[in-house]
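# Make a model of this:
(one chain, ligands or ions: 1)
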Amino acid sequence: MTTNEERELIKKIALLNALHYGGKAQFQPVLGKLLTEQPHLKARIKEIIPIINEIVKEVNTLSLEEQKRIVEEKWGEVPSKERVEAVKKLPPLPNVDKYEHVVTRFAPNPDCVLHLGSARAIVLSDEYAKMYKGSFRLRFEDTDPRLKRSALPFYDAVREDLKWLDCKWDMEIIQSDRLPIYYEYAEALLKNGGAYVCTSPPEKFRKLMLAKKPCPCRQLSPNEQLTRWKKMLDGTYKEGAAVVRVKTDLKHPNPAVRDWPALRIIDPKKYPHPRVGGKYRVWPLYNFSAGIDDHLMGITYIIRGKEHLTNQTRQEYMYQHLGWKYPVTIHYGRMKITDGVLSKSKIVEGVRTGAFTGWDDPRLATFVALRKRGILPETIRRLIIEVGPKTVDVTLSWDNLYASNRKFIDPMANRYFFVRDPRKILVKRIQRATTIKTRLHPERPERGFRIFKIKPKNGEAAFWISNQDAN
Ligand SMILES: [Zn+2]
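Numbering: from 1, shown residues only. Below you'll find the predicted structure:
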């Protein structure tokens, strides 16, 4: 015995199949599709076959128009070619066969909420991890309590934004928890001659460095380096008096690479850290802590903006000193949005002074603001995937963003309208009360209707039309 439900399903498959083949359903694909959807029916195949035959015949007596109408009325879906639009995928990662497990990361400084400028790093890293069933990891880079000071609310704000973007991370570290680890590697480098404590005034170091000459501190013995290091830690050296530098090729064509600074002193009384307070006075600089952590977190692919190319060159010297293998890097171009404020300092300043109403001020391109504007996370993911990891700069406009967003919103959103700049008109000689029904969604009849009742008084009723139409 076939149930009514089963007959309905066969009818639906047959009708959709008919629409696909210009009005004539075919037995074989209908059977195939039915068994894919309801594999348990295989056991009753003998009983099902005549029913399919019967329904296919019945469907084929209908005209294409009637078939379409039934499908629309019953299930509210007309298969259209636009909907099967191919979804663009990211290009494969280079040398991916050399890694058992792809591990990517996103490493924000929690000194502001996230904005569209981070979208590329986040989405590409998370998407590649998903594509290869690898891991995506989160690292809070909060080791500059002086100039890029983090603030407690932003740690959670970042987590919220990532969740909204549908990112899942299987490891989270906060750099301000890891000072002892950085100290351990600083000591290892001072011992093995990969780094030195430089106490020269910055101007003196700069002159020597530009002349491709070593600073005198560079040649001191490891023991002397470790003594100096202790003086950095115990407060003998004050802020600005000493810095740990990683040794590089002094003749490197880019002066910014030569013997780059790895750790420095920040007065803990003047600049307490929002999480760990005055506990530490020596703080790692970006290239040191990021480089150490990428290795310790097992990152295999670093996906970041091309402004980081020099950082890779710097860090590779440190990796050599430590005998580590540098991860594969992918450097993409900048992404801007027209008229969207993407500068962290401007955002923070504007929110502080009240020039912006908050982090979700619609003039900002922060994720909270985009959320408030009705932009879906899928839209952002899709846009980033479509652009991919190429190195050219891209500029998005709000129009791009809205056009893409509409594709996702369209099937979900019921239709409502407003009358812009309305002008009232009076229609006369209306014979009787009328009801007008408009579908809540043109392709989803099952959602029902909006109903407008026109009740004329003395044969007259008022309507509003837009001023532009009126003109
Ligand atoms: Zn020096």
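# Contacts only, for the closest residue to Gly333 other than its chain neighbours.
Spatially, and ignoring its direct neighbours in sequence, Gly333 is nearest to Asp393 (4.2 Å; Cβ to Cβ, 6 or more residues apart in numbering). From N, CA and C alone the C-beta is placed, and that goes for glycine too. Taking Cβ atoms under 8 Å, 6 or more residues apart in numbering, we find Asp393 in contact with 333-336.
# Could you list which of these also contact the ion?
Contacts with the ion within the contacts of Asp393, as defined by Cβ under 5 Å from the ion: none are present.
# ok, whatever residue of the stretch 301-450 of the chain ends up closest to the ion to Ala195 distance?
Across the stretch 301-450 of the chain, the shortest distance to the ion (Cβ to the ion) belongs to Tyr317, at 17.0 Å. From Tyr317 across to Ala195, the span is 10 Å (Cβ to Cβ, to the nearest Å).
# just His441 next, same as before
The value you get for His441 to Ala195, if Cβ to Cβ is used, is 65 Å.
# Reformat the contacts of Asp393 as a markdown table; add pLDDT, distance to Arg281 and neighbour count.
Output for those, formatted as a markdown table (pLDDT from 0 to 100; distance: Cβ to Cβ, whole Å; neighbours: other Cβ atoms under 10 Å):
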| residue | pLDDT | distance to Arg281 | neighbour count |
| --- | --- | --- | --- |
| Gly333 | 90 | 39 | 16 |
| Arg334 | 85 | 36 | 15 |
| Met335 | 82 | 37 | 20 |
| Lys336 | 80 | 38 | 16 |
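# So which bits of the stretch 151-300 of the chain are right by the ion?
Counting by Cβ under 5 Å from the ion, the stretch 151-300 of the chain sits next to the ion at 198, 200, 215, 217.
# Filter those down to just the ones in strands.
Using DSSP state E, the members of these that fall in strands are Cys198.
# starting at the chain centroid, how far to the strand or helix carrying Ile385?
Element membership for Ile385 (DSSP states H and E) is helix 377-387. Counting by Cα atoms, centre = their mean, to the nearest Å, helix 377-387 is centred 8 Å from the centre of its parent chain.
# Please name every helix or strand in contact with it.
helix 119-131, helix 398-409 (3 or more Cβ pairs under 8 Å, 6 or more residues apart in numbering; DSSP states H and E).
# most packed of those helices?
By mean neighbour count, with neighbours taken as mean count of other Cβ atoms under 10 Å, helix 119-131 ranks first of those at a mean of 23.
# hmm, who's touching it?
In contact with helix 119-131 (Cβ under 8 Å, 6+ apart) are residues 89-90, 93, 102-106, 114, 134-136, 162, 165-168, 301, 303-305, 330, 332, 335, 367, 380-381, 383-385, 387-389.
# Give me the buried entries from the residues you listed.
Neighbour counting with 16 or more other Cβ atoms under 10 Å marks 90, 93, 102-106, 114, 134-136, 162, 165, 167, 301, 303-305, 330, 332, 335, 367, 380-381, 383-385, 387, 389 as buried within the contacts of helix 119-131.
# What about those residues, which are in helices?
Among those, DSSP state H puts 162, 367, 380-381, 383-385, 387 in helices.
# Output those in TSV; the columns should cover distance to Phe356 and pLDDT.
Below are these laid out as TSV (distance: Cβ to Cβ, whole Å; pLDDT from 0 to 100):
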residue	distance to Phe356	pLDDT
Leu162	22	98
Phe367	15	95
Ile380	21	93
Arg381	26	93
Leu383	24	90
Ile384	25	92
Ile385	30	92
Val387	27	88
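# Now stretch 259-266: buried residues?
Applying 16+ other Cβ under 10 Å to stretch 259-266 flags 259-266 as buried.
# which residues touch Ala25?
By Cβ under 8 Å, 6+ apart, the contact set of Ala25 is 14-15, 17-18, 56, 59-60.
# ok, back up a step: so the residue of the stretch 301-450 of the chain closest to the ion is in contact with Arg258, correct?
No - between Tyr317 and Arg258 there is no contact under Cβ atoms under 8 Å: 9.8 Å.
# Name the residues contacting each of these two.
248-249.
# Now tell me what touches the helix holding Ile385 from outside.
Applying Cβ under 8 Å, 6+ apart, the set of residues contacting helix 377-387 from outside is 88-90, 116, 119-120, 123-124, 127, 164-166, 335, 370, 394, 396, 400-401, 404-405, 407-408.
# repeat for stretch 313-328
Against stretch 313-328 from outside (Cβ under 8 Å, 6+ apart): 93-95, 185, 188-189, 192-195, 246-249, 252, 254, 256-257, 260, 262, 287-288, 290-292, 294-295, 299-302, 312.
# returning to that earlier point: by neighbours, which of the residues of the stretch 151-300 of the chain next to the ion wins?
Most neighbours among those, by other Cβ atoms under 10 Å: Cys198, with 21 neighbours.
# what's the helix or strand for Phe463?
strand 461-466.
# list the helices and strands that strand packs on?
By 3+ Cβ pairs under 8 Å, 6+ apart, strand 461-466 packs against strand 422-427.
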